[in-house]
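*Asks:* prediction below, plus the sequence it came from.
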Amino acid sequence: MANNRPKPDNRTDNVEKLQKMVHDTIENMEAAEESMQFAEGEQKAQIERKNERRRESIEGMREEIKDEAAQQNK
């Protein structure tokens with residue numbers, strides 16, 4: 001019979017994972033900014049919109065990092 005118990009909530013490395021996600025997202029933004037040099041019109045607008053969504057995601061991840069760090073320090 002299968003074991004259907006949920007896995008325990010292991011949050012010990014969430015801060016590190018989130019920091020890596022922020023770092024990777026920033027790298028993606030920088031690469032997109034570089035590619036914009038060669039983009040025009042709608043393609044350039046798409047890159048700008050995507051980078052704006054990335055900025056919003058980074059803000060959210062940074063808030064989550066603060067929450068996770070505070071939780072770990074309790």
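*Replies:* It's in.
*Asks:* quick check: buried residues in the lengthiest helix in the chain?
*Replies:* Using DSSP state H to define each element, the chain has its longest helix at helix 41-72. If you call a residue buried by 16 or more other C-beta atoms under 10 Å, then helix 41-72 has these buried ones: 47, 51, 58, 61, 65, 68. Quick note: C-beta positions are derived from backbone N, CA and C, even for glycine.
*Asks:* contacts only, for the last one.
*Replies:* In this case it means E68. Neighbouring residues of E68 by C-beta atoms under 8 Å, 6 or more residues apart in numbering: 11, 14-15, 18.
*Asks:* quick one: which of the residues you listed has the most company?
*Replies:* Compared across the contacts of E68, L18 has the highest neighbour count, 20 neighbours, by other C-beta atoms under 10 Å.
*Asks:* run a quick neighbour tally on E30.
*Replies:* E30 - counted by other C-beta under 10 Å - has 11 other residues nearby.
*Asks:* now do the SS call for it.
*Replies:* Of the three states, E30 takes helix according to DSSP: H, G, I helix; E, B strand; the rest coil.
*Asks:* likewise for the one 3 residues further on?
*Replies:* Following three-state DSSP, E33 is assigned to helix.
*Asks:* can you pull the contacts of it?
*Replies:* By C-beta under 8 Å, 6+ apart, the contact list for E33 reads 47, 51.
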